[in-house]
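Participant: What follows is a predicted protein model with its sequence.
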Amino acid sequence: MMHKVMIVDDSAMMRVVISNFVSSLPEFRVVASAENGKVALELLPKFPDLNLILLDIEMPGMNGLEFLRHAKMRTRAKVIILSSVASAGSKQAAEARSLGADAIITKPSGAVSMDLADKRGAELARVMSRVLAA
């Protein structure tokens, strides 16, 4: 089965890095990307069969937590937070979980992590599969 993924990150470079990584996994396909939560919410109705959203937290316009507040009523897609500010035990991580995030992965090198695939790729792939199997 091909899983459809949306990437939401304000960094164009990170959207490319994440998209390239996800596209390297045979069972996943990136179908949409957005630079903030507002754009992502507007895209949701176009992708009713979306399986997974990879979501940053710190974004202008509408951040990831605000997006989560609205998205859980509009999509059944699973949400993985992929952020430099949501480390385990942080206030943002706790809030993301309470708003329905299915998993949280910390970007390895800050907001723009060019080394995502090298340092967190295996973990991200495992978590994506685990979240969708749940």
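Facilitator: Good, I have the coordinates. Since the model is a prediction, treat every value here as computed from it, not as a measurement.
Participant: centre of the chain versus the helix or strand of the chain with the lowest mean pLDDT, how much separation?
Facilitator: Least confident helix or strand, the chain: helix 91-98 with a mean of 91, by mean pLDDT, DSSP states H and E. Remark: helix 91-98 is offset 14 Å from the chain centroid, using C-alpha atoms, centre = their mean, to the nearest Å.
Participant: try stretch 1-10
Facilitator: The answer for stretch 1-10 is 7 Å, by C-alpha atoms, centre = their mean.
Participant: Mind listing residues that contact it?
Facilitator: With contacts defined as C-beta atoms under 8 Å, 6 or more residues apart in numbering, stretch 1-10 is touched by 15, 18-19, 22, 27-37, 39-40, 43, 47, 49-56, 58-60, 64, 67, 77, 82, 128, 132. Where C-beta positions appear, they are placed from N, C-alpha and C, glycine not excepted.
Participant: Please identify the helix or strand for residue 33.
Facilitator: If you go by DSSP states H and E, residue 33 is part of strand 28-34.
Participant: Need phi/psi at the residue lying closest to residue 25 once chain neighbours are set aside.
Facilitator: Of all residues not flanking residue 25 in the chain, residue 125 sits nearest, at 5.8 Å (C-beta to C-beta, 6 or more residues apart in numbering). Per-residue torsions, residue 125: phi -60, psi -40 (degrees, to the nearest 10).
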